[in-house]
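[1] Provided below are the primary sequence and the corresponding predicted coordinates.
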Amino acid sequence: MKKSLIYISIGLLVISSLFVSGAMADGRMPLIQSLNTEVKMVSSAGSGVSSEPANAGDMAISTDMVIYPYPYGEMSKIVVKPSYTNVRLQPGESREIKVSVTNRGDETASIDPTLVIQPYTQNYLKDEWVVVTPASSELAPDAKQEFLVRISIPKNADLGYYYATLVFGEFDAQNYTMYPVYGGSLEMSIDVWTPPSVQIGTTYINDRVEAGSSYDYEVKITNVGKQDIAMDPEVLINNIYYAEAVSSVRYGGASMAVIDESAITVDAPSVIKAGETVIVKVRLDVPQDATGSFSGTIDLGIDDPALRDWQGQVQLYFTVWEQPSEAFVREFTTYTDGTMRIEITTSVYDYGIYGTRSSSLSPSFEVSMMQGGQQVDMQLVRTTTKGQVTYGTSPMEPMTSPASFGYQSTGTVYTEVYEVSGAAGEWTLSILPVNADNFEYSITTGDMD
């Protein structure tokens, strides 16, 4: 294989379009003609676009090109299959890929595979890491050649992503602008990785919080490696959102606090010893007049080269809310006497082994009914707690302790059911949720508008 590396600082993918004109000059819309297997485009120097009408068998347009549409939409004379591969290897590992190269041109093609570095690659793939067998080939028209591409990652290779192109055809200078174009190639995405030495028990903290209150969370981390690992957590802000209801306050110039880095403190050891499990304590002190929502990140600062940046982080999302003081009211009419059933449900989402929230109080509802301005007795006949549970493992990284796998709660649904006896007439239902930011309700009766 020719040892050649092309380093490119900027890449721009250009998509070429063919616009056909002809009958526009006399005010008519151009007709879309079907194409034959071969479409010839004829030109004469300086003559511009031919004004002769095109028919279904021949389309005359000013250019020197002759376009040969290939099967499956491939416009290259050298067709490579597969044209893309994604490989994940650890240092010291190898992988072999079978590649089929077909010459659809009308002349013998010299195939000399060349490695080209893609723009924006995180790391540079070295030429000696990729060996192609055979190293070259003379390919007759309509002939096919099988190549074996062996990718070998040295033991001392840097971890990360590598992007490169293995070129079997020729460089296409005619279509080249700022992004290289080749007449037949295999694009390669190679992820060089190694298993992390840490197991992070919580990667997501999502909670509903109240202004002026404090909340405590824990992140469990285990060092399963043989070496001590340093850790230096840092809180990073992503976005602060504002509810629509307070937008007028925000833009009116009134003072208003938000949750930012200063509201979050992290208590963590500086070293995780080999085989040790530590607890990272996260405390949130919500400002007294805080509003809106906060999206942020705790970068744990774990000194483990096997961790990608996002793998060593705990995502944060907090929504500031307050218990409603006024009840939700629904007025309705019944036309028959008898028992009515009122069912109210609220849902709480959990994040299984990867998320946590503070120990919130259980939800409940304060419910009342009135008919004709008179309070009516209600009877709570049933409360139901319904959980959503999954079982099994997850491919998420970094590694999670096997002891954490199994049954995981992903959500809880709490329901209260009331019954009311009364006569037909006008009714008013009031619902005040407690420790619940959402609910559904249903009213079952003989007849209701």
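    Perfect, thanks for sending it.

[2] Domain map for this protein?
    As given by automatic domain parsing, the domain ranges for the chain are 75-192, 198-321, 328-444.

[3] Save these as JSON lines, and put in mean pLDDT too.
    Formatted as JSON lines, these follow (pLDDT from 0 to 100):
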{"stretch": "domain 75-192", "mean pLDDT": "87"}
{"stretch": "domain 198-321", "mean pLDDT": "82"}
{"stretch": "domain 328-444", "mean pLDDT": "83"}
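
[4] Please tabulate the ones you listed in a markdown table, including the columns mean neighbour count.
    Yep, even glycine has a C-beta here, placed from its N, CA and C like the rest. Putting the domains of the chain into a markdown table (neighbours: other Cβ atoms under 10 Å) gives the following:
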| stretch | mean neighbour count |
| --- | --- |
| domain 75-192 | 16 |
| domain 198-321 | 16 |
| domain 328-444 | 15 |
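
[5] Not counting its neighbours along the chain, what's nearest Gln375?
    Nearest non-adjacent residue to Gln375, counting by Cβ to Cβ, 6 or more residues apart in numbering: Ser368, 6.8 Å away.

[6] Quick check: beta-bridge partners of that neighbour?
    As for beta bridges, Ser368 partners with Ser430 under DSSP bridges.

[7] Could you double-check that it sits in contact with Met378?
    Yes. Ser368 is within contact range of Met378, at 6.9 Å (criterion: Cβ atoms under 8 Å).

[8] Give the residues shared as contacts by the two.
    Common neighbours of Ser368 and Met378 are not found (criterion: Cβ atoms under 8 Å, 6 or more residues apart in numbering).

[9] what about Ile298, distance to Tyr317?
    As for Ile298, its distance to Tyr317 is 12 Å (criterion: Cβ to Cβ, to the nearest Å).

[10] Could you do Val99 as well?
    45 Å.

[11] Contact partners for Glu343?
    415-418, 441-442, 444.

[12] all helices for this structure, in order.
    For the chain, applying DSSP state H gives helices covering 247-251.

[13] Tell me which residues touch Thr444, please.
    Residues counted as contacts of Thr444 (Cβ under 8 Å, 6+ apart) are 340-343.

[14] now do 6 Å
    Arg341 (Cβ atoms under 6 Å, 6 or more residues apart in numbering).

[15] Quick check: bridge partners of it?
    Beta-bridge pairing of Thr444 under DSSP bridges involves Arg341.

[16] Gln118 versus Pro196, what's the distance?
    Pro196 sits 27 Å away from Gln118 when distances are taken as Cβ to Cβ.

[17] next one: Ser76
    Separation of Ser76 from Gln118 (Cβ to Cβ) stands at 18 Å.

[18] helices or strands next to the strand ranked longest in the chain in the packing?
    Determined from DSSP state E, the single longest strand within the chain is strand 406-422. Applying 3 or more Cβ pairs under 6 Å, 6 or more residues apart in numbering; DSSP states H and E, one finds that strand 406-422 makes contact with strand 338-349, strand 364-371, strand 379-392.

[19] Distance to Ala140 for the ones you listed - can I get that in TSV?
    Below are the helices and strands packed on strand 406-422 laid out as TSV (distance: least, Cβ to Cβ, whole Å):
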stretch	distance to Ala140
strand 338-349	63
strand 364-371	80
strand 379-392	53
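
[20] which one of the ones you listed lies closest to Asp158?
    With Cβ to Cβ as the criterion, Asp158 lies closest to strand 379-392 of the helices and strands packed on strand 406-422, at 33.7 Å.

[21] which residues are contacting the closest one?
    Strand 379-392 has contacts (Cβ under 6 Å, 6+ apart) with 407-419.

[22] what angle do that strand and strand 406-422 make?
    On the basis of axes from the mean of the first three to the mean of the last three Cα atoms, to 10 degrees, strand 379-392 is oriented at 160 degrees to strand 406-422.

[23] Okay, now the sheet partners of strand 379-392, with direction.
    Strand 379-392 sits in its sheet next to strand 406-422 (antiparallel), going by DSSP bridges.

[24] Send me the partner strand as CSV with only the CA atoms.
    Extracted in CSV, the C-alpha atoms of strand 406-422 (Å, rounded to 0.1, in the frame of the first residue of the first chain):
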residue,chain,number,x,y,z
GLY,A,406,-31.5,-6.3,38.4
TYR,A,407,-34.9,-4.7,39.1
GLN,A,408,-34.8,-1.0,38.6
SER,A,409,-37.7,1.4,39.3
THR,A,410,-38.3,3.8,36.4
GLY,A,411,-41.5,5.5,37.6
THR,A,412,-44.3,5.5,40.1
VAL,A,413,-48.0,6.3,39.7
TYR,A,414,-50.1,7.3,42.7
THR,A,415,-53.9,7.2,42.6
GLU,A,416,-56.7,8.3,45.0
VAL,A,417,-60.3,7.3,44.4
TYR,A,418,-63.3,9.0,46.0
GLU,A,419,-67.0,8.3,45.9
VAL,A,420,-69.8,10.8,46.4
SER,A,421,-73.6,10.2,46.8
GLY,A,422,-75.9,13.0,45.6
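
[25] and for it, what are the contacting residues?
    For strand 406-422, the external contacting residues (Cβ under 6 Å, 6+ apart) are 339-350, 352-353, 363, 365, 367, 369, 371, 376, 378-391.

[26] ok, what's across the strand from Tyr161?
    Residues in a beta bridge with Tyr161, per DSSP bridges, are Asp191.

[27] State the distance from it to Pro119.
    For Tyr161, the distance to Pro119 - Cβ to Cβ - is 13 Å.

[28] per-residue confidence for the closest residue in space to Gly225 that isn't next to it in sequence?
    Computed as Cβ to Cβ, 6+ apart, the closest residue to Gly225 that is not its neighbour in sequence is Ser197, at 3.0 Å. On pLDDT, Ser197 comes in at 91.

[29] Quick check: Ser197 vs Ala268, distance?
    Ser197 is 17 Å from Ala268, where distance means Cβ to Cβ.

[30] I'd like to know how far Pro233 sits from Val314.
    For Pro233 relative to Val314 (Cβ to Cβ), the value is 9 Å.

[31] okay, and the common contacts of those two?
    Residues touching both Pro233 and Val314 (Cβ under 6 Å, 6+ apart): Ile298.

[32] I'd say Ser295 and Tyr317 touch.
    Yes. Using Cβ atoms under 6 Å, Ser295 is in contact with Tyr317, at 5.3 Å.

[33] Now do the shared contacts for the two.
    Common contact partners of Ser295 and Tyr317 (Cβ under 6 Å, 6+ apart): none.

[34] hmm, who's touching stretch 229-236?
    By Cβ under 6 Å, 6+ apart, the surrounding residues in contact with stretch 229-236 are 223, 261, 264, 266, 268, 271-272, 297-304.
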